[in-house]
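J.: Here is my input; please provide its structure:
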Amino acid sequence: MVTENLLKYHESIVRELNARKDRVRNLIGDAHWLSDGEYKEAVLRSILQNHIPESISVGRGFVRTQMGLTTQLDILLTSKRQPTLFKDGDFFIVTQDTPVSIVEVKTRQDKEQVRTAIFTLSDQIEKIREYNKGCKCGLFIYDSYPRQSYEKILEALHDAAHSIPERVVDWVSVGQDHFIRYWERSGDEWVTLGTDPAWHLYKIEGLAPAYFISNVVWEASEDASILAQTAWFPIEGGKSRFRKKRIKLIDRNILRD
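T.: Here you go, the predicted model:
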């Protein structure tokens, strides 16, 4: 079936990501965690570059906003239609009208580190969205979490947003299996789940990184046809049956499915 072939294709992207991310770690062991982390960021940038529209640049760097300079961003997707304030290789400094998406990349994080990363990312995206409300943002974590900790990630997303849409982190991928997406209208199930904006936690075994990448690519594609969605999101019938928990933007209670 076409869907099965597409599913295998996206599984192969995850295998490629895993194979490439371990190469430096296998060579240097624990000798230099900074270099290993930077390489993992570069791997994800490279894979995004292979799929992103030609109208988008993929790099890293800073965004200068009316609220001040952001922290250095691991992955910075910018529109080629807008001018670049400074560029040297894949290092950019741009104004706040230029970013399409920003992504932070982490390897091994405990609960407090993830919470801090989410709050920091919320602070950065709020600066950008003061002018550029369409900019998306995500957190990509290579390693998985203890099962009971995923509620803490949902709570951190809610707490960091302060019920303000401009502070929302749109996507989180954790390990191989867990993917979180923010839906402004509770997604494709909005009729039955209500229209309150919420983060949905899905367990999609072996596909979380691929779905993260697909979401970044899809949102960067201004003219993508709805007919192409199954190529980028290949789970037959959609991923709603894999949803485990939700948390609303305006309510801290965890909702279980």
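J.: ok, which stretches of the chain are helices?
T.: Using DSSP state H, the helices of the chain run over 2-28, 33-51, 111-129, 150-161, 190-193, 208-219, 229-232.
J.: Of those, flag the one that's most buried.
T.: Among these, ranked by average contacts under mean count of other Cβ atoms under 10 Å, first place goes to helix 208-219 (a mean of 23). For glycine as for every other residue, the C-beta is placed from the backbone atoms N, C-alpha and C.
J.: elements contacting that helix?
T.: Contacts defined by 3 or more Cβ pairs under 8 Å, 6 or more residues apart in numbering; DSSP states H and E place helix 208-219 against helix 2-28, helix 33-51, strand 99-106, strand 136-141, strand 171-174, strand 178-183, helix 229-232.
J.: returning to what we had before: turn the helices of the chain into CSV, columns for distance to Leu255 and mean pLDDT.
T.: Putting the helices of the chain into CSV (distance: least, Cβ to Cβ, whole Å; pLDDT from 0 to 100) gives the following:
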stretch, distance to Leu255, mean pLDDT
helix 2-28, 28, 78
helix 33-51, 30, 82
helix 111-129, 19, 95
helix 150-161, 10, 96
helix 190-193, 8, 52
helix 208-219, 20, 96
helix 229-232, 26, 86
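J.: need these in JSON lines with distance to Asp143, can you?
T.: Formatted as JSON lines, the helices of the chain follow (distance: least, Cβ to Cβ, whole Å):
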{"stretch": "helix 2-28", "distance to Asp143": "10"}
{"stretch": "helix 33-51", "distance to Asp143": "10"}
{"stretch": "helix 111-129", "distance to Asp143": "11"}
{"stretch": "helix 150-161", "distance to Asp143": "13"}
{"stretch": "helix 190-193", "distance to Asp143": "30"}
{"stretch": "helix 208-219", "distance to Asp143": "12"}
{"stretch": "helix 229-232", "distance to Asp143": "25"}
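J.: Can you say which of the ones you listed is nearest to Met67?
T.: Taking Cβ to Cβ, helix 111-129 is the member of these nearest to Met67, at 4.3 Å.
J.: The closest one packs against which elements?
T.: Packed next to helix 111-129, using 3+ Cβ pairs under 8 Å, 6+ apart, are strand 56-65, strand 99-106, strand 136-141, helix 150-161.
J.: Looking at those, which is nearest to Leu6?
T.: Here strand 136-141 is closest among the helices and strands packed on helix 111-129 (Cβ to Cβ), at 21.7 Å.
J.: And for that closest one, what's in contact with it?
T.: Residues from elsewhere that reach strand 136-141, judged by Cβ atoms under 8 Å, 6 or more residues apart in numbering: 44, 100-107, 109, 114, 117-118, 121, 124-125, 169-175, 209, 212, 215-216, 219.
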